[in-house]
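S.K.: coordinates for the following, if possible.
(4 chains)
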2 protein chains.
Amino acid sequence: MVKEMCYKLNRSSMLYKRLMSKHLDRLNITYSQLMVLRVASQEPGITAKEILMQMDTDKATLSGVLARLERDNYIYRVKNEKDKRIQNIFVSEGSEKLCTEVSIIEKACISDLIKGITDEEAENFIAILDRFIENQVLKIEENF
Amino acid sequence: MVKEMCYKLNRSSMLYKRLMSKHLDRLNITYSQLMVLRVASQEPGITAKEILMQMDTDKATLSGVLARLERDNYIYRVKNEKDKRIQNIFVSEGSEKLCTEVSIIEKACISDLIKGITDEEAENFIAILDRFIENQVLKIEENF
DNA sequence: CCAATATAATTAGTGTACAAAATAATTATA
DNA sequence: TATAATTATTTTGTACACTAATTATATTGG
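M.R.: Next up, the predicted model:
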């Protein structure tokens, strides 16, 4: 039962990435990059560490994503003078526009995915998923 | 709402892979490899094409997974004489044992994940997830 | 029979996830 | 003040997902 749940969660996640990337290709940005860009645009001067805390991803992965965002001029980084280990991250001009543009695409992209699922069902679904995720986090922490 | 669902599905999927890979590390096999090995062990002489049809993954990805499974002696491949484009896949001795061993680990690993979720809730959850996945598949096909 | 087409599988290239190690700068401690 | 520990980030190495292109073989229509 749980095995089935896990398998299907994985499958759904894979399908979502496949679907989104098809649409994002045209804008020359990936889903992961976009997620980071969104967080960064909310808080000018944010550091990699702070992004990490908000996103529960891996620091090495984030490092790569930031490098590619910088390479493609979506963000720029400024060395912090007080603490030279830190770089402050700022989104470039136009990145904000890109974010809203993507939001529109995302809406269109996911609009049909709730077909045949009522609001109540979706709510119950999310509630159970939340509990499941909580259990997963606990289990991971317990196995350090 | 759907956006929240998608985000959480991704997160749960990521956590599951993280959790499983921690346990599988000891056995020197990855989750993807295991999934393929399981399918292959069900049907001796299966071809890559047939595995693909059962698993909805990418043929290039599968090619890599099979190469690593062969490299580590979990499977071996025999050129088909009738159609030389095809290789028939067989699992090596001991792979069956590995599969059952992993099943035990998997059970222990996911046992706590349903805590606080009743059987009925899990059933409803899977039913909605199935509908959601169906919609995703439709949407992907529609955007070719 | 042969050129066009289809099929099975691999290769090359990009991006992502994660572990482990390295680097560089800061802070705590003896 | 020298040394140790911690922190922020990058680098390295492995595995995957996906796209596009390629290789090798089979099949088909003229």
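
S.K.: can you list the residues of chain A near DNA strand D?
M.R.: Residues of chain A lying near DNA strand D by Cβ under 7 Å from any atom of the strand: A:14, A:17-18, A:21-22, A:47-49, A:52, A:59-60, A:62-64, A:66-67, A:77, A:83, A:85-87. Glycine gets a C-beta too; all of them are placed from N, C-alpha and C.

S.K.: show residues contacting the helix or strand bottoming out on mean pLDDT in chain A.
M.R.: One helix or strand of chain A scores below all others by mean pLDDT, DSSP states H and E: helix A:95-110, with a mean of 86. Contact with helix A:95-110 is made by A:19-20, A:23-24, A:27, A:29, A:34, A:37-38, A:41, A:74-75, B:2-3, B:6, B:139, as judged by Cβ atoms under 8 Å, 6 or more residues apart in numbering or on different chains.

S.K.: tell me the contacts of the residue in chain A that chain B sits nearest to?
M.R.: Per Cβ to the nearest Cβ, the residue of chain A with the smallest distance to chain B is A:Ser13, at 3.5 Å. A:Ser13 makes contact with B:9-10, B:12-14, according to Cβ under 8 Å, 6+ apart.

S.K.: any regions of chain A where pLDDT drops low?
M.R.: A:143-144 (pLDDT under 70).

S.K.: tell me how far the most centrally placed residue in chain A lies from B:Cys6.
M.R.: Closest residue to the average C-alpha location of chain A: A:Met35 at 3.6 Å, with Cα atoms, centre = their mean. Separation of A:Met35 from B:Cys6 (Cβ to Cβ, to the nearest Å): 12 Å.

S.K.: for DNA strand D, state which of the contacts of A:Ser13 is nearest.
M.R.: Nearest to DNA strand D among the contacts of A:Ser13 is B:Ser13, at 10.2 Å by Cβ to the nearest atom of the strand.

S.K.: that closest one: which element?
M.R.: Using DSSP states H and E, the element containing B:Ser13 is helix B:2-24.
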